[in-house]
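**Student:** Quick one, structure for this:
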Amino acid sequence: MAQFSSELDGVLAALADPTRRAVVRRLGGGPMSVGDLAREFPMTLPSFMKHVRTLEANGLVRTVKSGRVRTCELRRGRLALVDDWLAEQRRVWEARTDRLERLVTDPKEERR
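**Tutor:** Next up, the predicted model:
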């Protein structure tokens, strides 16, 4: 569980930045070169590469260099960590709201 938590923390931290979320969104359409990705953002290429390295370090993006071109590809499976965590949170909160609803609507529940 600690491993999962640590990996989830890294993925969520990487996705906390709007630039990195935009990169993930753009890569959802397919692989792109770093140059093509960077063109959209008002920053230097070295600054942009810091974002790419953060995404890569947390397993969200894979980069491959072919000649002088570095291509980024989204690792969709890594987003499953977030999806799994959100599903777990949804189950917890739905159970809590179901209990609250029973307590409010069923007078017998109050006595328990």
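
**Student:** Determine the set of other helices and strands touching the strand or helix carrying residue 93.
**Tutor:** Secondary structure assignment for residue 93, by DSSP states H and E: helix 80-105. The contact analysis (3 or more C-beta pairs under 8 Å, 6 or more residues apart in numbering; DSSP states H and E) places helix 80-105 against helix 2-15, helix 107-110. Just so you know, the C-beta spots here come from the backbone N, C-alpha and C atoms, and that holds for glycine as well.

**Student:** what is the rounded mean pLDDT of the last one?
**Tutor:** It stands for helix 107-110. Averaged over helix 107-110, pLDDT sits at 63.

**Student:** rewinding a little: lowest-confidence stretch among the helices and strands packed on helix 80-105?
**Tutor:** Sorting those by mean pLDDT places helix 107-110 lowest, at a mean of 63.

**Student:** quick one: buried residues of the helix holding residue 93?
**Tutor:** By neighbour count with 16 or more other C-beta atoms under 10 Å, helix 80-105 contains the buried residues residue 81.

**Student:** Could you pull out the buried residues of stretch 26-39?
**Tutor:** Using 16+ other C-beta under 10 Å as the test for burial, stretch 26-39 gives 27, 32, 34, 37, 38.

**Student:** From one end of stretch 51-62 to the other, what's the distance?
**Tutor:** From its first residue to its last, stretch 51-62 covers 13 Å (C-alpha to C-alpha, to the nearest Å).

**Student:** quick one: average pLDDT of stretch 60-75?
**Tutor:** Taken as a whole, stretch 60-75 has a mean pLDDT of 95.

**Student:** er, stretch 85-97 I mean
**Tutor:** The average pLDDT within stretch 85-97 is 78.

**Student:** ok so, going back, could you dump the buried residues of stretch 26-39 into JSON lines and include pLDDT?
**Tutor:** Below are the buried residues of stretch 26-39 laid out as JSON lines (pLDDT from 0 to 100):
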{"residue": "27", "pLDDT": "97"}
{"residue": "32", "pLDDT": "97"}
{"residue": "34", "pLDDT": "96"}
{"residue": "37", "pLDDT": "96"}
{"residue": "38", "pLDDT": "96"}
